[in-house]
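Asks: dropping the sequence and predicted coords here.
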Amino acid sequence: MQRSTTRTGNTSNGSNNMLLLLLLLLSLLNGQFELVDGHKVTASLITNHNYPVEEHTVHTTDHYILTIYRIPTSPKLLNHNDTIQKPVVFLQHGILCASDDWIINGPETSLAYMFADAGYDVWLGNARGNTYSRQHKHIHPDTSDFWKFSWHEIGVYDLAAMLDYALEVSNSSSLHFVAHSQGTTTYFVLMSSLPWYNEKVRSVHLLAPIAYMRNHSFILSKLGGIFLGSPSFISWVLGNMELLPITSIQKLFCEHVCSEGSMLKFLCSGLLDFIGGWGTKHLNHTLLPDVCETHPAGASTTQIIHYLQIYTSGEFRQYDHGKEQNQIIYQQSTPPSYNVKNINSCVHMYYSENDYMSAVEDVEYLATLLPCAELYRIPYTDWNHYDFLCFSSTSCTSSTLSICSICSSSSSFTAVLLGVCPFLIFFLKIHSLRNWTDRSSFFSWTWRIRCGCQH
């Protein structure tokens, strides 16, 4: 009798979940959804963890209005001498993401907090079109004119303006730069197009870097490339539109499908696996409700189309408007390629085998074109595109970091750490260098080679 009751309860819960999913799909198909004010949680999350936070507004030269955040110090550094100027680090998110990416894991394993604890002046960027940066001086985001941009404009306008602003406010001449996914693309765009910005960057660290996409393996890119990979009527119709803003349907989905205890929670983790790479064992499933509430954070469809164009052409180049428009805009029939040889900063790139967006072959090919590049390949075959942000490891604690920074000279200890938490190698190198006068060498540890890191 008891077993029968249990089965009935499970069946009832499953039926309710399936009914809810059906209603969500029907509402979506019928257009029964509306835009909602996105979850702007960066400031509140930082405050909730007792870290100081500042919200800043940045105006680009083409009049977009961006919101960025600063963590000037850490509660763990109460006795720190504030008269000493701190090194500045700027973190830039990927496509359909926001500043939340760098803090959502909490103080123990989120990169922004780790930098703050290590004595850095931390800045978190937000690109035009996401939840935090849907403003323009003259154009309303409900119009298509607002969305006439790709990641090229994010690079030459947004990233340039945000870096200038962070340097001015912090009274610094250069900074350390960290980016993920599209954030890395915008770095390549800026430094190739406006090479004098190389002088403003002290060191560069790119997670899942994307420039060339010749070996890109995401199935939707293969399909999308057929229809949108070259200028066409379809790409003209679908371009310059808002892509995946936070809606009322998404809020319902997060509350009932991605929540703890939901029988349909696999849909949330499955979506990340589908986009980033199947089979990862590093996803922190307890974060799914938080990730769902803040992602996707919005973008322009033109950003996606631009990626599909470089996937189809095999070249890293500017947006293809078609021969006639290209002639007007670029004075040539094809889009000009980005000259990555203009990037004279030494670029440190972190990549993985199971990343559908950033293929191993493409990253290694890009490295051959850059004047200076160092590669670190994550030693987990299942590590995917989003594991760089939402990974789970109870071994990676602040106390471990403190011990490791003291013991960093021991290659055997570091080798063990490589097997436990490879992503935090990225942070440990910075943490151990916090008292160095010259941080320009930031990441040039010889033990990386001794421990079998691939270059």
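Replies: Received, thanks. On a predicted model such as this, the values are computed, not experimentally measured, just so you know.

Asks: quickly list what His348 is bridged to.
Replies: Taking DSSP bridges as the rule, His348 bridges to His205, Glu374.

Asks: wait, isn't it in contact with Tyr376?
Replies: Yes. Using Cβ atoms under 8 Å, His348 is in contact with Tyr376, at 7.0 Å. All C-beta spots, glycine's among them, are computed from the backbone N, C-alpha and C.

Asks: pLDDT below threshold where in this protein?
Replies: For the chain, residues meeting the criterion pLDDT under 70 lie at 1-39, 81-82, 246-248, 250-251, 253-260, 262, 264-292, 390-455.

Asks: if you set the cut-off to 50 instead, what comes out?
Replies: 1-11, 14-33, 36, 274, 276-278, 391-455 (pLDDT under 50).

Asks: and the strands in it?
Replies: Using DSSP state E, the strands of the chain run over 54-59, 64-71, 88-92, 121-124, 135-136, 175-180, 201-207, 242-243, 299-300, 347-351, 373-377.

Asks: pipe the ones you listed into JSON lines and attach distance to Leu163 per row.
Replies: Below are the strands of the chain laid out as JSON lines (distance: least, Cβ to Cβ, whole Å):
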{"stretch": "strand 54-59", "distance to Leu163": "10"}
{"stretch": "strand 64-71", "distance to Leu163": "10"}
{"stretch": "strand 88-92", "distance to Leu163": "6"}
{"stretch": "strand 121-124", "distance to Leu163": "9"}
{"stretch": "strand 135-136", "distance to Leu163": "19"}
{"stretch": "strand 175-180", "distance to Leu163": "7"}
{"stretch": "strand 201-207", "distance to Leu163": "8"}
{"stretch": "strand 242-243", "distance to Leu163": "25"}
{"stretch": "strand 299-300", "distance to Leu163": "20"}
{"stretch": "strand 347-351", "distance to Leu163": "16"}
{"stretch": "strand 373-377", "distance to Leu163": "21"}
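
Asks: number of nearby residues for the spatially closest residue to Ala359 that is not a sequence neighbour?
Replies: The shortest distance from Ala359 to any non-neighbouring residue, by Cβ to Cβ, 6 or more residues apart in numbering, is to Asn215 (3.8 Å). By the measure other Cβ atoms under 10 Å, the count of residues near Asn215 is 15.

Asks: rewinding a little: tabulate the strands of the chain in TSV, adding columns for mean neighbour count and distance to Trp236.
Replies: Listed next are the strands of the chain as TSV, based on neighbours: other Cβ atoms under 10 Å; distance: least, Cβ to Cβ, whole Å:
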stretch	mean neighbour count	distance to Trp236
strand 54-59	14	30
strand 64-71	23	23
strand 88-92	27	29
strand 121-124	28	35
strand 135-136	18	22
strand 175-180	25	30
strand 201-207	25	32
strand 242-243	18	16
strand 299-300	26	14
strand 347-351	24	34
strand 373-377	20	37
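
Asks: of all these, which one is nearest Lys148?
Replies: Proximity to Lys148 (Cβ to Cβ) singles out strand 299-300 among the strands of the chain, at 7.6 Å.

Asks: ok, the closest one: who's next to it in the sheet?
Replies: Applying DSSP bridges, one finds strand 299-300 paired with strand 242-243 (antiparallel).

Asks: what does the partner strand rub up against?
Replies: Residues outside strand 242-243 that contact it (Cβ atoms under 8 Å, 6 or more residues apart in numbering): 96, 129, 141, 146-147, 296, 298-301, 303-304.

Asks: just curious, which of these is nearest to Lys341?
Replies: Closest to Lys341, out of all of the contacts of strand 242-243 and judged by Cβ to Cβ, is Gln303, at 24.8 Å.

Asks: do I have it right that that closest one meets Thr185?
Replies: No. Contact status for Gln303 versus Thr185: not in contact, 9.3 Å apart, counting by Cβ under 8 Å.

Asks: neighbour count: the two, which is higher?
Replies: Between Gln303 and Thr185, counted using other Cβ under 10 Å, the more crowded position is Thr185 (29 against 25).

Asks: what's the distance between the residue nearest to Ser217 when sequence neighbours are not counted and Ser300?
Replies: Counting by Cβ to Cβ, 6+ apart, Ser217 lies nearest to Tyr356, which is 5.2 Å off, once chain neighbours are set aside. With distances taken as Cβ to Cβ, to the nearest Å, Tyr356 is found 22 Å from Ser300.

Asks: hang on, Val122 packs against Pro87?
Replies: No. Taking Cβ under 8 Å as the definition, Val122 is not a contact partner of Pro87, at 10.1 Å.
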